[in-house]
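Q: Test case, fold it:
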Amino acid sequence: MPIPIILTDLVAFLLYALIGAYFWQNKWKKPQTDLNPENNGQKSAISGWMRYALLIPLVLHAWILYQSILADEGLRFGLGNAVSLIVWLTAFIYWILSFFNRLQGLQFLIAPIAIVAAVAVLLPLIFPSSRVLGNTELPAFKAHLLGAMLAYSLLTIAAFHAMLMIVVERHLHHPAGHLALVNLPPLLVMERLLFRIIGAGFILLTLTLVSGIFFSTEVFGQPFTFTHKTFFGVVSWSVFAALLAGRQVYGWRGRIAIRWTLTGFMILLLAYIGSKFVLEIILNR
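A: Below you'll find the predicted structure:
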């Protein structure tokens, strides 16, 4: 890989890490000792400035992905590029969502997302992609790939959000909380947002599975074959479908919703990332 690309990787890594460290220090670790409205206003202004600063590593990360995936002829989409792209989309979507007024209290989730992105931006260096995918010129394949990546990204945000709800629930009855928890919306509001994110991700996951299974020839240029990736993908889809149905029929919420969300997400990781890891790293295919 050319030296300028490596330097860009390192700069993006450092910027992600600095932003993640800032939010971690100021939104997570700092105790709730100062509830002065004026000081809180200053903290919000600083956080807003840092939120804009996240755009810089996001742009650098996007350029790195373009060079690693699309710069040459064909599409290089190995494990490192796939994980890096999913994390970039997750960070970018969450960055967009963080500007909505009703989500202002959730901005400190930028800390774990930025830290994960700092690691992900280096993955194409650690796991370089040498094999070029076939049939990537097909529009159906491009639509299928885009839908899959967006589905993964939205459901990754849902998993982060579910873990945040666990933290909030555990601190709900503690008299001394953290500054990070002061401006959060009520759990019921966070829960409704969780199901909206899952609903959008589920629609995209459904389209991805349908296009991959029933239109395999149009998408991949070859007949459908049942694989471990398909199996885990269908199981994950079933978990999220059951969760959404349970929400509508039985009013599932709280810990039940969180457990099902994290279970579906872990199975989804096995479907794509796990399969790629086994094939590329363990079996060297």
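Q: Now do the contacts for Leu79.
A: 123, 127, 129, 273, 276-277, 280-281 (CB atoms under 8 Å, 6 or more residues apart in numbering). Heads up, the C-betas are built off the backbone N, CA and C, glycines and all.
Q: try 7 Å
A: 127, 276-277, 280-281 (CB atoms under 7 Å, 6 or more residues apart in numbering).
Q: Which helix or strand contains the residue lying closest to Ala148 once chain neighbours are set aside?
A: Excluding the flanking residues, the one nearest Ala148 by CB to CB, 6 or more residues apart in numbering is Thr208, at 4.4 Å. Assigning secondary structure by DSSP states H and E places Thr208 in helix 187-214.
Q: for that helix, packing partners?
A: helix 139-171, helix 228-250, helix 254-269 (3 or more CB pairs under 7 Å, 6 or more residues apart in numbering; DSSP states H and E).
Q: Which of the residues in the second one are classified as buried?
A: Buried residues in helix 228-250, counting neighbours by 16 or more other CB atoms under 10 Å, are found at 229-230, 232-233, 236-237, 239-240, 243-244, 247.
Q: so how far is Ala242 from the residue nearest to Ala148?
A: Thr208 sits 18 Å away from Ala242, going by CB to CB, to the nearest Å.
Q: likewise Leu205?
A: Relative to Ala242, and taking CB to CB, Leu205 is found at 13 Å.
Q: What of Leu155?
A: 15 Å.
Q: go on, His61?
A: 35 Å.
Q: OK, contacts around the residue nearest to Ala148?
A: 144, 147-148, 151.
Q: quick revisit: pipe the buried residues of helix 228-250 into JSON lines and attach pLDDT and distance to Gly212 per row.
A: Listed next are the buried residues of helix 228-250 as JSON lines, based on pLDDT from 0 to 100; distance: CB to CB, whole Å:
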{"residue": "Lys229", "pLDDT": "84", "distance to Gly212": "9"}
{"residue": "Thr230", "pLDDT": "88", "distance to Gly212": "7"}
{"residue": "Phe232", "pLDDT": "92", "distance to Gly212": "13"}
{"residue": "Gly233", "pLDDT": "92", "distance to Gly212": "8"}
{"residue": "Ser236", "pLDDT": "96", "distance to Gly212": "13"}
{"residue": "Trp237", "pLDDT": "96", "distance to Gly212": "11"}
{"residue": "Val239", "pLDDT": "97", "distance to Gly212": "18"}
{"residue": "Phe240", "pLDDT": "97", "distance to Gly212": "16"}
{"residue": "Leu243", "pLDDT": "96", "distance to Gly212": "22"}
{"residue": "Leu244", "pLDDT": "97", "distance to Gly212": "21"}
{"residue": "Arg247", "pLDDT": "94", "distance to Gly212": "26"}
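Q: didn't Gly233 look like it was pressed against Thr206?
A: No: in this structure Gly233 lies outside contact range of Thr206 using CB atoms under 7 Å: 10.6 Å.
Q: where does Ser129 fall, helix, sheet strand or coil?
A: Following DSSP: H, G, I helix; E, B strand; the rest coil, the label given to Ser129 is coil.
Q: check contacts around it.
A: Ser129 touches 76-78, 80-81, counting by CB under 7 Å, 6+ apart.
Q: ok, now Pro4?
A: Here Pro4 is in contact with no residue (CB under 7 Å, 6+ apart).
Q: From Ala118, how far off is it?
A: 19 Å.
Q: quick check, nearest of the contacts of Thr208 to Leu97?
A: The closest of the contacts of Thr208 to Leu97 turns out to be Ala151 (CB to CB; 16.1 Å).
Q: Wait, a strand at Phe99?
A: No: using three-state DSSP, the assignment for Phe99 is coil, not a strand.
Q: can you count the residues close to it?
A: 12 (other CB atoms under 10 Å).
Q: So the closest residue to Ala12 other than its chain neighbours, which state does it fall into?
A: Spatial nearest neighbour of Ala12, chain neighbours left out: Leu60 (4.0 Å); criterion: CB to CB, 6+ apart. Assigned with three-state DSSP, Leu60 falls in the helix class.
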